[in-house]
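>>> Sequence first, predicted coordinates after that:
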Amino acid sequence: MKIHKRDKRSRLRGARRCGYGFGKKHRGKGSKGGKGMAGTGKRAGHKRNFIDKYMPGYFGKHGFKSLKQINNLKPKIINLSEIEERLDNFIEKGLAKETSSGIELLLPDFKILGKGEIKEKLIIKAMSASSQAREKIEKAGGKIIVEENVDTLHAGAKEEAK
């Protein structure tokens, strides 16, 4: 029975690749083919086992959001001075109508900012409004109704247009 086993290093002396197989593969990070998740795209060749095991759903189609849908989520910005200037235009388009309590204005995808002054008594339905705009409209005798759900506003505007 052998008492002393030779260590691996001495047994590999003279072996050309020293137990690492193909020589180039034992040269640090360069053999991995990139940093992080590099090379794991559509035509991935390496790190495939890792992806299959730990990242199910990494490959394949996942749907999309159209630009139209994304842009509808961002409110357009309008100042009080612009509202004052374009009030006749809003009435022509059917976004505003004169009532006994004032002018009702429907701006479903707008955020109202407080730049400028307003003289008309306005009741505005909008996506959001700044505190300064609220103060100025209430000072003129009107009010702002902030609607959280934009879709209901759009639906209401379409029905009124019919």
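Nice, I can see it.
>>> For the top strand by length along the chain, name the packing helices and strands.
In the chain, taking DSSP state E as the definition, the longest strand is strand 102-113. If you count contacts as 3 or more CB pairs under 8 Å, 6 or more residues apart in numbering; DSSP states H and E, strand 102-113 packs onto strand 76-79, helix 80-93, strand 96-99, strand 122-129, helix 131-139, helix 150-161. C-beta here means a position set from N, CA and C on the backbone, and glycine is covered the same way.
>>> let's see it at 7 Å
Applying 3 or more CB pairs under 7 Å, 6 or more residues apart in numbering; DSSP states H and E, we find strand 102-113 packed against strand 76-79, helix 80-93, strand 96-99, strand 122-129, helix 150-161.
>>> what's next to it, contact-wise?
Outside strand 102-113, the residues that touch it by CB atoms under 7 Å, 6 or more residues apart in numbering are 72, 75-80, 87, 90, 95-97, 120-130, 133, 142, 144, 147, 150, 153-154, 157.
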